[in-house]
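>>> Output the structure for:
(one chain, ligands or ions: 1)
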Amino acid sequence: MSSYKSKRLPRSARRSRKPLQENWIRGPGRGTTLKCTYVKCSYEWEYFGRRKWAQCPACHSVLKVALAKKNLIYHQQALNSNEFKNE
Ligand SMILES: [Zn+2]
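Alright, predicted model coming up:
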């Protein structure tokens, strides 16, 4: 059975087989705060999905995550500037 033994994988090939890494499975816990881009709604909620699109739980309109994120930041900045103007 020497021919069978010679077919064994070299040590380097066996070493390169890493155990399954779980860092690509992002568990729940990290969410992004989104603000609905629909002006009449403008609902804020925590989004835990990792897709590009999210559905607003209030008005059920589908919106782009990146836009909703920007929307939130924009509104926060607007609020800050308004407070500044009032004083
Ligand atoms: Zn909404």
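>>> Stretch 57-68 close to the ion?
Yes: under the criterion of C-beta under 5 Å from the ion, the ion is reached by stretch 57-68 at 58-59. In short, each C-beta sits where N, CA and C put it, glycine included.
>>> Show the average pLDDT along that stretch.
The average pLDDT for stretch 57-68 rounds to 95.
>>> contacts for the longest helix along the chain?
Using DSSP state H, we find that the single longest helix of the chain is helix 65-86. With contacts defined as C-beta atoms under 8 Å, 6 or more residues apart in numbering, helix 65-86 is touched by 32-37, 42, 44, 47, 51-54.
>>> among these, which are in helices?
Per DSSP H, the subset of those in helices is empty.
>>> Now that we have the residues you listed, which of them are buried?
Among the contacts of helix 65-86, those buried by neighbour count (16 or more other C-beta atoms under 10 Å) are 32, 34-37, 47, 54.
>>> and those near the ion, which?
Of the residues in the buried ones among the contacts of helix 65-86, proximity to the ion by C-beta under 5 Å from the ion holds for residue 36.
>>> Can you get me a residue count around residue 56?
Neighbours of residue 56 under the rule other C-beta atoms under 10 Å: 21.
>>> That one and residue 82: what is the separation?
Distance of residue 56 to residue 82, computed by C-beta to C-beta, to the nearest Å: 24 Å.
>>> could you redo the buried ones among the contacts of helix 65-86 as a markdown table and give each row pLDDT and distance to residue 8?
Below are the buried ones among the contacts of helix 65-86 laid out as a markdown table (pLDDT from 0 to 100; distance: C-beta to C-beta, whole Å):
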| residue | pLDDT | distance to residue 8 |
| --- | --- | --- |
| 32 | 89 | 49 |
| 34 | 94 | 54 |
| 35 | 96 | 59 |
| 36 | 96 | 60 |
| 37 | 95 | 59 |
| 47 | 92 | 50 |
| 54 | 95 | 51 |
